[in-house]
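J.: please find the sequence and the predicted model below.
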Amino acid sequence: MLLPLLAVLALDADADRLGVLRAVEQVPVLLLSLFAGAWADRLRPRDVMVYADAGRALALVAVAAAYAFGVLGMEALLVVAFLMGTLTVFFDVAYQASLVQLVHRQQLTQANSALEGSRSVAQFGGPALGGGLLSVFSVPVAALVSALFFVLSLLSLRSIRSDRPRGARGGPVGERGGRREGRCGPPFPVPALRRIREGVRHVAGEASLRAVALATALF
């Protein structure tokens, strides 16, 4: 929510431009989510999250610098909004895939509850925190403080160490001692579109996953 507040306070954006800004932030969710899932599935989720946090921090530093030098405009803010939205898509895909590499199967329900609980707190508290920053600090300082939060996030992610045993290619070891299928990808690259088709077919075929997907789409 920081970018819309910046648009209002720094650029005197009206309702129409705010609507465009929010839409641009959400476009990556529609356009890139499936491709992000197919791509991120071949990488370590923690690395994807770290790079996403680093990219978002740099984007906010660029906003602060542009404002400080008097060159921040609505066009630049739209570019940053799209970039932030894209990186958020990759982060969200990776964080949901990371649990199976961190905890055992019997711990998944508890771990997922804790993760979703913290995410809900962030969704409710984030806008208030962004407004509070802008009420206390100037626009560039508020942007830099927000960037600092992303840096703290990536440092926290880098400190995570899994106690799960790992297979030869770095993937988690399954219950029978072998590498869990699908976490580091197949031995030969599979085209992204094929991976997307397989993923969609799997979600559509599982009642619980299908319900979650429909609820998310409606939301």
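T.: Received it, and whenever you're ready, just let me know what you need. It should be emphasised that the depicted structure is a prediction, and the values quoted were computed from it without experimental measurement.
J.: would you confirm that residue 68 contacts residue 140?
T.: Yes: with contact defined as CB atoms under 8 Å, residue 68 and residue 140 form a contacting pair (4.8 Å). In this view, the C-beta of every residue, glycine as well, is placed from N, C-alpha and C.
J.: outline the domain layout of the protein.
T.: Under the assignment the TED database, the domains of the chain span 1-102, 105-160+193-218.
J.: for the worst-scoring helix or strand of the chain on mean pLDDT, packing partners?
T.: Ranked by mean pLDDT, DSSP states H and E, the helix or strand of the chain with the weakest confidence is helix 108-136, at a mean of 81. Where contact means 3 or more CB pairs under 8 Å, 6 or more residues apart in numbering; DSSP states H and E, helix 108-136 is packed against helix 2-11, helix 74-102, helix 139-158.
J.: what ranges in the protein fall below the confidence cut-off?
T.: Within the chain, the stretches with pLDDT under 70 are 1, 162-190.
J.: switch to 50 and redo it
T.: 165-188 (pLDDT under 50).
J.: spatially central residue for it, please.
T.: residue 91 (2.5 Å; CA atoms, centre = their mean).
J.: and that one, how far is that from residue 128?
T.: When distance is defined by CB to CB, to the nearest Å, residue 91 is 21 Å away from residue 128.
J.: repeat for residue 144
T.: Residue 144 is 19 Å from residue 128, by CB to CB.
J.: the two: which has the busier surroundings?
T.: Comparing residue 144 with residue 128 by other CB atoms under 10 Å, the one with more neighbours is residue 144, at 19 against 10.
J.: give the contact list for that one.
T.: 60-61, 64 (CB atoms under 8 Å, 6 or more residues apart in numbering).
J.: ok, so of those residues, who is nearest residue 101?
T.: Each of the contacts of residue 144 was scored against residue 101 by CB to CB, and residue 60 proved nearest at 28.5 Å.
J.: for that closest one, list the residues it contacts.
T.: If you count contacts by CB under 8 Å, 6+ apart, then residue 60 has 2, 80, 143-144, 146-147, 150 around it.
J.: and which of those residues is nearest residue 45?
T.: Closest to residue 45, out of all of the contacts of residue 60 and judged by CB to CB, is residue 150, at 16.9 Å.
J.: burial count for the nearest residue to the closest one once chain neighbours are set aside?
T.: The shortest distance from residue 150 to any non-neighbouring residue, by CB to CB, 6 or more residues apart in numbering, is to residue 57 (3.9 Å). Using other CB under 10 Å as the criterion, residue 57 is surrounded by 21 other residues.
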